[in-house]
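Novice: Sequence first, then the predicted structure:
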Amino acid sequence: MASVDLKSRQRSPRKTESPVKQLLKQPLGTDEFSVRLPSDKKTCSITGSAFLPDDKLVVADATNKKIKLFSADLKSIAHLETQTAPRDVTTMSNTEIACTLPNDRTVQVIHVGKTMTVSKSFKLDVECYGICYHDNAFYITSGWSTDKEVQIMDTEGVVQQKLRPEKGILRCPLYVTVDGKLDHIYVSDYETGIVGMDMLGNVTFKFSDTETKGFMGICSSPQGEVFICTLQPNGISRVQTETNRVYGSITTLNEPELEPVISLPTFNKGGQRPRSIAFSRKSQKILVSYVGQSVDMMNIYHF
């Protein structure tokens with residue numbers, strides 16, 4: 001079964017548009033900044049990140065159990081302590097975000113301003129790892145849970161669909177992003193690679209090969225570009241979904257591939273291993289957090 005339809009989502013027809021143009025090539029510059037706060041007791045572990053529409057930045061710090069908010073010029077504004085380790089975050093508006101708490105199987109909606117407060121909490125029947133907000137709904141991966149799926153949940157906590165590809169396609173679905181141009185879902189599965197699905201859970205795209213391992217954070221741009229963090233090779237790549245694609249329809253690539261955008265030194269040569277990734281719709285930049293040493297630091301790549 002591709003999809004368990006708990007409440008159908010009505011969508012207006014999409015108009016056929018011209019093919020996507022790739023805008024991002026190689027980064028023109030890089031900024032490094034620290035996400036460590038004076039109150040932090042441990043080295044940070046940023047497992048999720050997102051830009052707000054006004055270019056503020058929110059990150060999930062798993063080891064310090066905090067959701068942290070930074071200004072567009074990377075100054076700390078506020079933070080919220082969570083009961084258990086948060087895993088991922090997504091932006092709803094300039095004043096609302098949401099995060100996942102896998103150990104509690106909970107999604108929290110958080111109001112952000114000069115302070116941060118929890119406005120809603122929703123319980124799920126899966127671990128809930130990655131999260132993405134699109135078209136008034138949350139797209140949530142099941143992470144390490146027994147059920148390998150993506151749940152689509154409305155803003156009141158009602159699960160509308162459970163997308164379950166055939167057995168083996170998803171083994172460890174971690175992060176998720178939605179291409180708003182086509183209403184298409186892309187899942188980063190740590191073991192099996194990148195899986196693309198339509199809104200009914202039909203698999204339309206898969207990428208995996210023997211040379212690429214450790215699929216981590218994934219994000220998309222308004223132009224339909226999809227970016228993925230991988231541990232081998234170590235860096236950020238563009239997912240070549242555009243090659244045979246026209247707005248209004250999507251076709252599976254004969255030879256799907258990744259195009260390196262940001263290459264990092266290998267870990268055994270002192271390189272950082274990328275974990276989460278976020279794309280700024282306002283300023284066309286990519287934010288990357290890392291696994292390993294010096295994870296208090298994050299990088300912003302300008303294009």
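Specialist: Looks like it came in fine.
Novice: Output stretch 177-191 as CSV, restricted to C-alpha atoms.
Specialist: Provided in CSV are the C-alpha atoms of stretch 177-191 (Å, rounded to 0.1, in the frame of the first residue of the first chain):
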residue,chain,number,x,y,z
THR,A,177,11.4,18.4,2.3
VAL,A,178,8.5,19.3,0.0
ASP,A,179,8.9,20.8,-3.5
GLY,A,180,6.2,23.4,-3.4
LYS,A,181,6.1,23.8,-7.2
LEU,A,182,5.0,20.2,-7.8
ASP,A,183,3.7,19.2,-4.3
HIS,A,184,6.4,16.6,-4.3
ILE,A,185,8.0,15.0,-1.3
TYR,A,186,11.7,14.1,-1.0
VAL,A,187,12.9,11.9,1.9
SER,A,188,16.5,11.4,3.0
ASP,A,189,16.8,7.8,4.2
TYR,A,190,20.1,7.2,6.0
GLU,A,191,20.5,3.8,4.5
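Novice: What residues sit buried inside it?
Specialist: Residues 177-179, 181-182, 184-190 are the ones in stretch 177-191 that count as buried (16 or more other CB atoms under 10 Å). From N, CA and C alone the C-beta is placed, and that goes for glycine too.
Novice: nearest to V126, of those residues?
Specialist: Closest approach to V126 among the buried residues of stretch 177-191 (CB to CB): V187, at 13.7 Å.
Novice: Would you confirm that that closest one belongs to a strand?
Specialist: Yes. Checked against DSSP: H, G, I helix; E, B strand; the rest coil, V187 lies within a strand.
Novice: need the contact list for it.
Specialist: Contact analysis of V187 by CB atoms under 8 Å, 6 or more residues apart in numbering lists 130, 141, 150, 170, 173, 175-176, 194-197, 218.
Novice: and if you look at F279?
Specialist: 51, 219-221, 227, 285-287 are the contacts of F279 under CB under 8 Å, 6+ apart.
Novice: now, which of these sits nearest D88?
Specialist: Among the contacts of F279, and counting by CB to CB, the member closest to D88 is C219, at 11.2 Å.
Novice: So which elements touch the helix or strand hosting the closest one?
Specialist: Using DSSP states H and E, C219 falls within strand 213-220. On a contact count with 3 or more CB pairs under 8 Å, 6 or more residues apart in numbering; DSSP states H and E, strand 213-220 meets strand 173-179, strand 184-189, strand 193-197, strand 226-232, strand 273-279, strand 285-291.
Novice: and the angle from the first one to strand 193-197?
Specialist: Comparing the axes of strand 173-179 and strand 193-197 via axes from the mean of the first three to the mean of the last three CA atoms, to 10 degrees yields an angle of 40 degrees.
Novice: So which other helices or strands are in contact with strand 173-179?
Specialist: Strand 173-179 sits against strand 131-134, strand 137-141, strand 184-189, strand 213-220, with contacts defined as 3+ CB pairs under 8 Å, 6+ apart.
Novice: what residues are up against the closest residue to V239 other than its chain neighbours?
Specialist: Computed as CB to CB, 6 or more residues apart in numbering, the closest residue to V239 that is not its neighbour in sequence is V226, at 4.1 Å. Counting by CB under 8 Å, 6+ apart, V226 makes contact with 177, 179, 186, 194, 218-220, 238-239, 241.
Novice: do T115 as well
Specialist: Contacts of T115 (CB under 8 Å, 6+ apart): A78.
Novice: Also T117?
Specialist: Going by CB under 8 Å, 6+ apart, T117 touches 80, 110-111.
Novice: any weak-confidence spans in the stretch 1-150 of the chain?
Specialist: Per-residue confidence for the stretch 1-150 of the chain (pLDDT under 70) gives these ranges: 1-26.
Novice: Report how many residues lie close to V176.
Specialist: Other residues within reach of V176, judged by other CB atoms under 10 Å, total 28.
Novice: swap that for S119, please
Specialist: When neighbours are defined as other CB under 10 Å, S119 has 11 of them.
Novice: any idea how far T43 is from it?
Specialist: Counting by CB to CB, to the nearest Å, the gap between S119 and T43 amounts to 30 Å.
Novice: Bridging across strands, which residues link to T100?
Specialist: Beta-bridge partners recorded for T100 (DSSP bridges): V107.
Novice: Could I have the CA atoms of stretch 60-78 written out in CSV?
Specialist: Listed next in CSV are the C-alpha coordinates belonging to stretch 60-78 (Å, rounded to 0.1, in the frame of the first residue of the first chain):
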residue,chain,number,x,y,z
ALA,A,60,17.4,22.3,17.3
ASP,A,61,20.2,21.6,19.8
ALA,A,62,19.8,17.9,20.9
THR,A,63,22.5,17.7,23.5
ASN,A,64,21.5,20.9,25.3
LYS,A,65,17.8,20.2,24.8
LYS,A,66,17.0,23.6,23.4
ILE,A,67,15.4,25.3,20.4
LYS,A,68,17.4,28.4,19.7
LEU,A,69,16.4,31.6,17.7
PHE,A,70,19.0,33.9,16.0
SER,A,71,18.5,37.1,14.2
ALA,A,72,19.3,37.6,10.5
ASP,A,73,22.7,38.9,11.5
LEU,A,74,23.3,35.8,13.7
LYS,A,75,22.8,37.2,17.1
SER,A,76,21.0,35.2,19.8
ILE,A,77,17.4,36.4,20.4
ALA,A,78,15.8,33.7,22.5
